[in-house]
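1. Sequence first, predicted model second:
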Amino acid sequence: QVPRAPSQPAAGSESRRFTNKHSKKALKASLTLGILLGMFFVAWLPFFVTNVTQAVCGCVPAGFFDVLTWLGYCNSTMNPIIYPLFMRDFKRAMGRYLPCCRRAGEPRPSAISLSIRNSNSGPRAPTSLKNVL
């Protein structure tokens with residue numbers, strides 16, 4: 001028999017923990033996506049079906065069509081509520097950039113740091129209209 005090194009069981013449990021952590025993240029992402037898509041279909045599918053029905057037969061009352069349109073609009077207003085509830089990264093981003101959501105100890109990002117971070121700064125080859133066309 002070959003004796004096992006003491007680091008082997010720790011490596012196995014570490015990889016198991018790593019896999020378990022990522023599977024939980026994947027499950028949570030799937031759940032969030034399912035909720036968002038489910039709400040989208042519940043809100044907008046009746047509108048689209050009614051829209052096609054109206055185009056074919058013209059038998060849909062205007063008031064009913066308006067109600068279904070507003071149901072879709074309500075779904076769009078729910079997205080900013082749903083995202084922060086289920087996504088930690090979204091919460092962090094909102095807390096970083098919106099003054100109303102920032103914690104007391106966090107520094108406010110400056111416009112210069114935002115523009116540098118969002119630009120692809122670095123050495124660029126000179127471009128002219130001839131190079132682009």
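-> Structure received.
2. so how many other residues sit close to residue 68?
-> Number of residues near residue 68 (other Cβ atoms under 10 Å) recorded here: 20. All C-beta atoms are positioned from the backbone trio N, CA, C, and that covers glycine.
3. same check, this time on residue 82
-> 15.
4. sec struct for it, please.
-> helix (DSSP: H, G, I helix; E, B strand; the rest coil).
5. can you tell me the helix or strand for the closest residue to it other than its chain neighbours?
-> Closest residue in space to residue 82, ignoring its immediate chain neighbours: residue 36 at 6.3 Å, by Cβ to Cβ, 6 or more residues apart in numbering. Taking DSSP states H and E as the definition, residue 36 sits inside helix 7-57.
6. so for that helix, what's the average pLDDT?
-> Averaged over helix 7-57, pLDDT sits at 80.
7. Local confidence estimate at residue 92?
-> 79.
8. ok, now how distant is it from residue 31?
-> 19 Å (Cβ to Cβ, to the nearest Å).
9. do the same with residue 50
-> Distance from residue 50 to residue 31, by Cβ to Cβ: 29 Å.
10. out of the two, which sits in the more crowded spot?
-> The neighbour comparison of residue 50 against residue 31 (other Cβ under 10 Å) goes to residue 50, with 17 against 11.
11. Hmm, the more buried one is touching residue 65, no?
-> Yes. With contact defined as Cβ atoms under 8 Å, residue 50 reaches residue 65; the gap is 6.0 Å.
12. quick one on the thing from earlier: hmm, the residue nearest to residue 82 is touching residue 85, no?
-> No. In terms of Cβ under 8 Å, residue 36 does not count as a neighbour of residue 85; the distance is 10.8 Å.
13. neighbour-wise, which of the two wins?
-> For residue 36 and residue 85, the more surrounded residue by other Cβ under 10 Å is residue 36, and the numbers stand at 16 against 10.
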